[in-house]
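>>> Take this sequence and fold it.
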Amino acid sequence: MTTRRELRHAAIPAQRSSAAGECGPRAQGDTRWQRRYGTLVRVSDLIVITFCVAIGVILGSGLGYRATEIARLGSGTTAWLLIVVGLHLTRAWEPRVLGTGATELRRVTKVFAGSAIGVGLAGLAFDVVSVKPWVFGVTPTAWLLCVSARYGLRKLLHRERSRGRCQLAVLAIGTEDSVADLVRRTRRDPFFGWTVAGACTSKGTEGTIDDIPVVGDLDEVAAAVRSGAYQVVAVAPTPGWGSGRLQRLAWALEGTSVELAVDPGLMEIAGPRLHITPVDGLPLLRLTEPRFSGTGKLAKAAIDRLGAALLLLVFSPLLLAVAVAVRRDGGPAFYRQERVGLGGRTFRVIKFRSMCVDADRMMADLISDREGVLFKMRNDPRITRVGTFLRRYSLDELPQLFNVLGGSMSMIGPRPPLPSEVEQYGPDAERRLLVKPGITGLWQISGRSDLSWEETVRLDLRYVENWSPALDAMILWKTVGAVVASRGAY
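Numbering: from 1, shown residues only. The predicted structure follows:
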């Protein structure tokens, strides 16, 4: 006899056929868009690799080396095979990796670097001089073109996802609070490609959580997955959901295309700090301390100061022009304010003045949109005419390069707080002081003044807990787009 729950699960695909899991007018369970995107990436890679290898073979005589036709063909064939086979073996074409950004770039870069080394070693073994252009010319060029093509395809995918298409439907398992948190996070990051389409909670009562239907309790997860409406099952820490249940669910998902994702309960901690160590077959998640010293710290300091010096040199005409414009608007060109930096030490931040001269004295009389300990106000009457333009494109922050050059700030880091803000910090917010504040950071590329106090702290803590050179590079890259679009700048 068919139960009411089973009827409800069977009806899910029809009920939500127009949800964000579609890519076009297709049902949410349809993943044809994923296969099409994977095909586009493969074809793009093969075209780029074949084109670069063909050009290397055809123009071999013009690349500065003497080689027989057979040697050029041999080098080209070896490079082509190493790259293509490497992309397959490292799963650089795996659907869950495509369009993810950092992971995808890492795998592709590893393949091209390995193929260059392989061709070089083959040349040394067989004493073939003609491999040098392949190692230092053709392979790097193919990597650059391949990464650029993938970046272009990913931007197309992001455009579709911003319209609510090309999403993977997620079944969330957890408490009402944990499901609501996952819903908020996936909605804040639509480019990730997840849309929570259903939930199973310990209570299992009918209803919704942030407009997401509750389709069952913890005992009905397998039935919900068998409905075919979901491509991802996300499990949050839940009372009554132990390791045994999780293992049985993993067994049930074997042989299907449904991905299982488990929240370990370690908020905002990922990447190099997480390690899995088996003890008598029991996988343990090891968490190492964040590292703020050693060679990484020295390299970051060196890059900061060198980058600041170069940027000051490049932007010196712009700095002079802005200084003149601010002075003509009345008052001094620069504004210095006490901020709190690494370890709670204070320093004076340097900015172009974007407000009237007596702005600090006027603050107490203003009605603000206060978020936590932050003072924010749209259409602030203290901002000058020139200051409005400077803030829109973050030009008022350019003099902070002098702070970076002096060592009190970094190019990338948490937002530099005021002493009055630090006095109200809790234990979590105090961890922001473990690293130098930055001109830009996760807060800059994620909305700036549009962020709530809780979101600002969360992003700064994510940076502190998970700092890496790759994260810095990603933030720098996205800062350009954030500044041009002037998101959250006021």
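
>>> Point out where the stretch 351-490 of the chain drops to low pLDDT.
358-381, 447-450, 485-490 (pLDDT under 70).

>>> Quick one: the helices in it, in order.
Taking DSSP state H, counting those that start in this stretch as the criterion, the stretch 351-490 of the chain contains helices spanning 359-362, 385-392, 400-406, 419-422, 427-430, 442-445, 453-466, 469-485.

>>> longest helix in this protein, by residue count?
helix 32-58 (DSSP state H).

>>> And the next helix or strand past that one?
helix 69-89 (DSSP states H and E).

>>> Sort out which residues of that following helix are buried, please.
Neighbour-count burial for helix 69-89 flags 71-72, 74-76, 78-80, 82-84, 86-87 (criterion: 16 or more other CB atoms under 10 Å). Where C-beta positions appear, they are placed from N, C-alpha and C, glycine not excepted.

>>> okay, now the domains of this structure?
4-21+167-263, 32-162, 295-485 (automatic domain parsing).

>>> Any chance of a markdown table for the ones you listed, columns distance to residue 285?
Output for these, formatted as a markdown table (distance: least, CB to CB, whole Å):
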| stretch | distance to residue 285 |
| --- | --- |
| domain 4-21+167-263 | 10 |
| domain 32-162 | 19 |
| domain 295-485 | 15 |
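
>>> so where's the protein uncertain?
1-30, 60-72, 123-130, 265-275, 278, 280-282, 288-294, 358-381, 447-450, 485-490.

>>> how about the strands in it?
168-173, 194-201, 208-209, 212-217, 232-235, 259-262, 274-279, 282-287, 334-340, 346-352, 410-412, 438-440 (DSSP state E).

>>> Distance check, residue 406 against residue 212.
50 Å (CB to CB, to the nearest Å).

>>> quick one: which of those two has more around it?
residue 212 (20 against 13; other CB atoms under 10 Å).

>>> Quick check: bridge partners of the more buried one?
residue 209 (DSSP bridges).

>>> Contact partners for it?
By CB atoms under 8 Å, 6 or more residues apart in numbering, the contact list for residue 212 reads 172, 179, 183, 196-199.

>>> any idea how far stretch 461-479 is from the chain center?
Offset of stretch 461-479 from its chain centre (CA atoms, centre = their mean, to the nearest Å): 8 Å.

>>> buried set for it?
461-467, 471-472, 474-475, 479.

>>> farthest pair in those?
The span of the buried residues of stretch 461-479, defined through CB to CB, is set by 465 and 479 at 20.3 Å.

>>> related to what we said a few turns ago, relative to the whole chain's centre, how far out is the longest helix of the chain?
Counting by CA atoms, centre = their mean, helix 32-58 comes out at 25 Å from the chain centroid.

>>> can you offset everything so residue one is 29?
Shifting the count to begin at 29 puts that one at helix 60-86.

>>> what's the angle between that helix and strand 196-201?
130 degrees (axes from the mean of the first three to the mean of the last three CA atoms, to 10 degrees).

>>> which other helices and strands contact helix 60-86?
helix 97-117, helix 167-190 (3 or more CB pairs under 8 Å, 6 or more residues apart in numbering; DSSP states H and E).

>>> What residues of that helix count as buried?
61-62, 65-66, 68-70, 72-73, 76-77, 80-81, 84-85.

>>> do stretch 181-192 as well
For stretch 181-192, by 16+ other CB under 10 Å, it's 181-182, 185-186, 188-189.

>>> And stretch 424-434, by the same measure?
424-433.

>>> Residue 382 against residue 419, yeah?
Yes: the pair residue 382 and residue 419 passes the contact test of CB atoms under 8 Å, sitting 5.4 Å apart.

>>> Give me the common contacts of the two.
What both residue 382 and residue 419 touch, as defined by CB under 8 Å, 6+ apart, is the set residue 411.

>>> Find the residue closest to residue 510 in space, skipping its chain neighbours.
Nearest residue to residue 510 in three dimensions, chain neighbours excluded: residue 473, at 4.6 Å (CB to CB, 6 or more residues apart in numbering).

>>> between the contacts of residue 240, which is nearest residue 374?
Nearest member of these to residue 374, counting by CB to CB, is residue 211, at 40.4 Å.

>>> tell me the contacts of the closest one?
200, 224, 237-238, 240.

>>> what distance separates stretch 59-66 from the centre of its chain?
22 Å.

>>> Then stretch 137-150?
27 Å.

>>> what are the C-alpha coordinates of it, in PDB please?
This file holds the C-alpha atoms of stretch 137-150, laid out as PDB (Å, rounded to 0.1, in the frame of the first residue of the first chain):
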ATOM      1  CA  THR A 137      48.300  23.500 -13.600                       C
ATOM      2  CA  LYS A 138      49.600  20.200 -12.100                       C
ATOM      3  CA  VAL A 139      49.000  18.400 -15.400                       C
ATOM      4  CA  PHE A 140      50.800  21.000 -17.600                       C
ATOM      5  CA  ALA A 141      53.700  21.300 -15.100                       C
ATOM      6  CA  GLY A 142      54.000  17.500 -15.000                       C
ATOM      7  CA  SER A 143      53.900  17.200 -18.800                       C
ATOM      8  CA  ALA A 144      56.600  19.900 -19.200                       C
ATOM      9  CA  ILE A 145      58.800  18.000 -16.700                       C
ATOM     10  CA  GLY A 146      58.100  14.700 -18.500                       C
ATOM     11  CA  VAL A 147      59.000  16.100 -21.900                       C
ATOM     12  CA  GLY A 148      62.200  17.600 -20.400                       C
ATOM     13  CA  LEU A 149      63.200  14.300 -18.800                       C
ATOM     14  CA  ALA A 150      62.600  12.500 -22.100                       C
END
